[in-house]
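A.B. asks: based on what follows, work out the 3D shape:
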Amino acid sequence: MLGGSWYIRTNQPTLTDRQTWNINEAQYLRQTPKSDYVVGSHPTFWRNQGGQFWGVTTVQRFGYSTPETVGGGFSPSQRMRSNQIGRTISGEAAPGTLVQLTQGFAENVIAEILVDSSGIYRFEDVPTAGSGIGNIGGSNNYRVRLYPNGQLTATPEIREAVFASLPGQLNKGRSALIVSSGLNRENTLNSNSFLGNFNSFRGGVAYRLGVSEDLTLGTGVIYDKSMLGLGELFYQPSGFPLEVAFSGLLGTDDGLEYNADIRFRPSNKFDLNFNSDRLSQRFRANYRALKGVSLRASGNTRENALSTGFSYSRSSRNFYTFASADIDTNNNFRWNLNSRLGKLQLRNYGNEINSNSQLSYNFSKTTSYGNSLNLNYETSRENNLASLNWKYRSKARDRYGQNLFDFDLGYGVGSRGSGIIASASTTAIPGMDLRLRYQGVSTTSDRSSFRIELSPSFYIQPKLSLGDTRYERLRGEGGLFIQPFLDKNGNGKLDNQEKIYTEDLELLLSLNNKSIKRLRPDINKNGVMIRTTPDNYRLDLDPAGYPIDWKPTKTAYAVEVSAGGFTQLLVPFIPSYTVAGTVTNAEGKPVGGARVEAVVTDKKGKVKKTMSVTNGAGIFFLENLQQGSYKLLVNDKSVEPGKILIDDKSENMQEVELKI
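C.D. replies: Residues are numbered from 1 along each chain as shown. The predicted model follows:
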C-alpha cells in the first residue's frame, strides 16, 4: 500500500491476560534506489541510549544507488552504502608494455593501455562492489595482463587486481543525507499498554560525503537525552594496503562512544586487523604459511588474554578435512575438526564450556538427502550425553529448496538418564511448515519434552494464495506476479475459461535484458512469481517463447515493484492467424513477385495492412493476422475472392486462391 510495505508484529506472553498484550513492531517502509522513507518502529542511525525508537526517518542519496537488500526491514547503515565504488587500478611496467584489464572467469578485456615512458599504467573509475571491509577483490574478478613490447603473441604476465571497498565509502562528489525524528518507547515487558509508553524526544541529522577517491567523511547532530555529535571516517589510500573505518558519538554518558576498524594487508599471505570500541580492544593477525596451512594470533582486553592457533585444510575427490585449534593465556583451549572420507564423516568441536562429537555414515552419495547413521557425544560442564540416531532426508524438495520430509530417531544415554530422541518435519503441505520434536533426555535435564511448531503462510496480494515461511523478506523486498494468458476473446482481461500459459517462461520473459532464470522464479499453474528489490523494471517478451499460433498484444512492459507484495502483471496473448495461398492470372498460371495485402479497419477507424510477396510459384503467406474482416488486394487491385473473415471459429491456418 502507498508504494511500500507494512509490517505489524504483536506479542502475547500470556494469552488470557490482555494487559500483557502489546505491539512489538509497526512499520511502513518504502525503499527506492535513490531514497528511503520509514515510519514507525525502526533502528536509529546512531547507537541509542536504551529503549525503542518510533518515528520518521528518510535517507536521500545523491549520485549513487544502494546495494540490493534482501528483506529484514530497514537498516540505516546498509542504506547509506554505495552499490558500486569507482576504483583506480594502477601499477608499474616497462615502457612499451601492452596492459589489458580483464574481468570474470571468461577474462573479457574491458580496457587496455600501452605503457609510455613513465612506466606506469592506470585504469580509473573501475566499478567495484562496495560490500564491506575485507572484501578483497570483491566479486568482480579483475585481472591485469601484461604483454612485453606490446606483442599479443607473447605469454603475458598475469597480476591480480587487488583492492577492497569499505562499507561506508562513497565516490568523490557522491553524498547521502539522513534525517530522523521520533519518540522513545519504554520496554514493552514493563508496560500495561497495548501501544506502549512513549516519552522523550529523539532525533538527528547526518551527512556523508565522498571527499576524494580515498576519503569519505560524515558528520551529524543528534539529540538522545542530550546533545550528541557524530563523526565518521572511511579511509583507504590508493596504492597502500590500509583500510580505516571509524564512527564516534561524542557527548554520551561515557564521553565518547566509538567503533574503529583498521585493516592492514601488505600481501595475500598476511593481514592484520584491529577493532576497538568502548567495551574492548581486539586484534587479529593471520599468516598463510603454506598451502592449506595458516597461523594466527589474536587478543582482546575484555578477557585480558592473548591466543595463538592454526588452521589446516585439505581436499581431494573422496577426502576432505578442516581443522583449527587455539589456546590463550588463560589456558582456554578451543578447537574444530570436520573431516570426510568417502561416506564416513567426523565432526568435533569444543571450548572451555562444552564439546560435541559426531561420527556419521551416509548411505547415499551426498549428505543433502538419503539415510545416515550418527553416533553423537556431547558434554556440558559436568554433564554428558551419548546417543545413536538414524536420520532420513527425502530427495524430493519443495519449490523453495527444502527437503519435503526430514526424520530423526535415536536413543540417548547420559549423566541425566536415558531416553528416546526423535524429530520430524515436513513442507509437503502447501503453505505449511510442520515440525515435531520429542526429547526424553538432554545434558541439562532428565525431564522429557515435546514441541510442535505449525507455521502456515499465505499471500493476500495480488490475490489470496499459499506462500512460504520466509515472509520477513517482504519487509524490504517485493516481486512480480506475471500471468501470461491466452486471451481468446481479445478483451485484455483474464476470464475464467482462459488458460494461463506457463510453458517456456524462462525463454519468454527477460527482466532488464536478463533472463528470469537468474532470479530463481517460482513457476506454478497460476503464473510466475519473481522476488526482486523495489525499483522500476522493463519486462521484454522473446518470440522464442511464444505459444504456437499466438502473439502478445505488447512485446515490452514498464512495471514498478514495491516492497511488501507482488505487483501483478497480465500479459495477454491473442490468436495469431495465417492466410496462405497462390495468385494466378486469367490463364491459371502462377504470378510471381506480386504484392498481396490484407487490409482491415479496426474499431477506432485505423487502417491496418499486412503484406506478402509471392514467390516464383505464386505462393504467399499473410502472417500474424487477428480476428476481423479483411479485404484482399494484389498490387493494389481487387481480386477474387475479395474478402476473408477470421473469427473465433476460424482455423489458425487458412488457404485461399486469388485470381487476377
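
A.B. asks: flag the shaky bits of the stretch 251-400 of the chain, pLDDT-wise.
C.D. replies: Scanning the stretch 251-400 of the chain for pLDDT under 70 picks out 399-400.

A.B. asks: and if you look at the stretch 451-600 of the chain?
C.D. replies: Using pLDDT under 70, the stretch 451-600 of the chain drops low at 461, 463, 467-472.

A.B. asks: break down the chain into its helices, ranges please.
C.D. replies: Using DSSP state H, the helices found in the chain span residues 76-79, 505-508.

A.B. asks: and of those, who's closest to residue 536?
C.D. replies: helix 76-79 (18.2 Å; Cβ to Cβ). All C-beta spots, glycine's among them, are computed from the backbone N, C-alpha and C.

A.B. asks: contacts for the closest one, please.
C.D. replies: 31, 36, 43-45, 57, 59, 66-67, 69, 167-168, 178 (Cβ atoms under 8 Å, 6 or more residues apart in numbering).

A.B. asks: give the buried residues for it.
C.D. replies: By neighbour count with 16 or more other Cβ atoms under 10 Å, helix 76-79 contains the buried residues 76, 79.

A.B. asks: quick one on the thing from earlier: including distance to residue 369, could the helices of the chain go into JSON lines?
C.D. replies: Formatted as JSON lines, the helices of the chain follow (distance: least, Cβ to Cβ, whole Å):
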{"stretch": "helix 76-79", "distance to residue 369": "35"}
{"stretch": "helix 505-508", "distance to residue 369": "25"}
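
A.B. asks: which among the ones you listed is found nearest to residue 405?
C.D. replies: Per Cβ to Cβ, nearest to residue 405 of those: helix 505-508, 28.3 Å.

A.B. asks: from the contacts of helix 76-79, which single one is nearest residue 235?
C.D. replies: So of those, ranked by how close each gets to residue 235 (Cβ to Cβ), first place is residue 168, at 10.5 Å.

A.B. asks: using the record's assignment, carve this structure into domains.
C.D. replies: 1-80+172-228, 84-160, 477-575, 577-659 (automatic domain parsing).

A.B. asks: out of these, flag the one nearest residue 368.
C.D. replies: domain 477-575 (17.4 Å).

A.B. asks: distance from the closest one to the middle of the chain?
C.D. replies: Between the centre of domain 477-575 and the centre of its chain there are 21 Å (Cα atoms, centre = their mean, to the nearest Å).

A.B. asks: between the contacts of helix 76-79, which sits nearest residue 288?
C.D. replies: The closest of the contacts of helix 76-79, once distances to residue 288 are taken by Cβ to Cβ, is residue 167, at 24.7 Å.

A.B. asks: how many neighbours does the closest one have?
C.D. replies: 18 (other Cβ atoms under 10 Å).

A.B. asks: now it, what are its backbone angles?
C.D. replies: Dihedral angles of residue 167 (phi, psi; degrees, to the nearest 10) stand at phi -60, psi -30.

A.B. asks: out of the helices of the chain, the one nearest residue 200 is which?
C.D. replies: Relative to residue 200, the nearest member of those by Cβ to Cβ is helix 76-79, separated by 20.1 Å.
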